[in-house]
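Participant: Pasted the sequence and its predicted model underneath.
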Amino acid sequence: MSELIDGKKVSQDTRAEIAEKVADLKEKTGVIPGLAAVLVGEDPASEIYVRNKRKACADCGMHSEEHKLSSETTEDELLSLVEKLNNDPKIHGILVQLPLPDHINETNILRAVTPLKDVDGFHPENVGRLVEGNPRFVSCTPAGIIKMLDYYNLEIKGKEAVIIGRSNIVGKPVSLLLLHRHATVTICHSRTRDLPEVARRADILVAAIGRAKFVTEDMVKDGAVVIDVGINRNEEGKLVGDVDFENVSKKASYITPVPGGVGPMTITMLLWNTLESAKMSAD
Ligand code: NAD
């Protein structure tokens, strides 16, 4: 039976550390880290997400703002709001909640956020710095995964890491982070031949696919560390990951649950990046 990687606990401890650092920064420099969330249209899931971010900021003593725009907002209107936030000294992190309505070009918007406030790590400059091995802001879910592995003292160096999924927000950046920490990294995707065979090589297996129970026990080596990024709803409407938790947890040495695993770390790392940004601006 495996040990749980408790994302809630890691998140709680990390947020306590952030709160201390925020208080310290405020005392020494007068700077209060500020995060602006921009929401276009009325997506209930995004609204919950943004509300959670507001609460998390308040708990850590950070300033936060929400900019809710109607679904009819034009790309130019959104670009001018982003420009205003780029120049606002109270704001150190800008988050544009995705997805955006179809008539707005997502790439144009994400590139308009100054890389110095791009706490989601989506701007090409920040992606480039990550590839280079000199990261500024790393996208939050991958950064949270590394934080969890470190919290549990799980060795990365020299390990075989297999990542299932090659998205820009999870699969690719987590692969780079593991590579920089000296893992031997394989990235799998929908065209990978004999995926179970590749997955079984993993000492660290990361599932970021978006399909419930995709990773079954026959795909997991005994004693592997299994990180489940997936967020899916099953037939009963319950939140489940990409991993068949019940059976895989009998083989893995460590495993993240869903919910309560990777999820809570994403907002925590957003706060972390906003704090880092505020520190940079204070310097
Ligand atoms: P995505 O749809 O952008 O990417 C999915 C990846 O899975 C693709 O690269 C694709 O090649 C791969 N894939 C699809 N079918 C496959 C198959 N049959 N075999 C092998 N690979 C296959 O998704 P994403 O944005 O990376 O998110 C993945 C999952 O993680 C989703 O469930 C999402 O909701 C969740 N997620 C969770 C958090 C969090 O905070 N916990 C953050 C981001 C994403």
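Facilitator: Cool, got the structure. Numbering: from 1, shown residues only.

Participant: show me where the stretch 101-250 of the chain has helices.
Facilitator: Here the stretch 101-250 of the chain has its helices, by DSSP state H, counting those that start in this stretch, at 106-112, 124-132, 140-151, 171-180, 195-199, 245-248.

Participant: Specify the stretch among these that is closest to residue 93.
Facilitator: Ranking the helices of the stretch 101-250 of the chain by proximity to residue 93 (Cβ to Cβ) places helix 140-151 first, at 10.5 Å. All C-beta atoms are positioned from the backbone trio N, CA, C, and that covers glycine.

Participant: Keeping just the C-alphas, turn the closest one into PDB.
Facilitator: What follows is helix 140-151, C-alpha atoms only, in PDB (Å, rounded to 0.1, in the frame of the first residue of the first chain):
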ATOM      1  CA  CYS A 140       1.900  26.800 -11.300                       C
ATOM      2  CA  THR A 141       0.800  23.200 -11.500                       C
ATOM      3  CA  PRO A 142       4.300  21.900 -12.600                       C
ATOM      4  CA  ALA A 143       6.000  24.000  -9.900                       C
ATOM      5  CA  GLY A 144       3.600  22.600  -7.300                       C
ATOM      6  CA  ILE A 145       4.400  19.000  -8.400                       C
ATOM      7  CA  ILE A 146       8.100  19.600  -7.700                       C
ATOM      8  CA  LYS A 147       7.300  21.300  -4.400                       C
ATOM      9  CA  MET A 148       5.400  18.200  -3.300                       C
ATOM     10  CA  LEU A 149       8.200  15.800  -4.400                       C
ATOM     11  CA  ASP A 150      10.700  17.900  -2.400                       C
ATOM     12  CA  TYR A 151       8.400  18.100   0.700                       C
END
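
Participant: which strands and helices sit next to that helix?
Facilitator: If you count contacts as 3 or more Cβ pairs under 8 Å, 6 or more residues apart in numbering; DSSP states H and E, helix 140-151 packs onto helix 7-29, helix 171-180, strand 225-228, helix 262-282.
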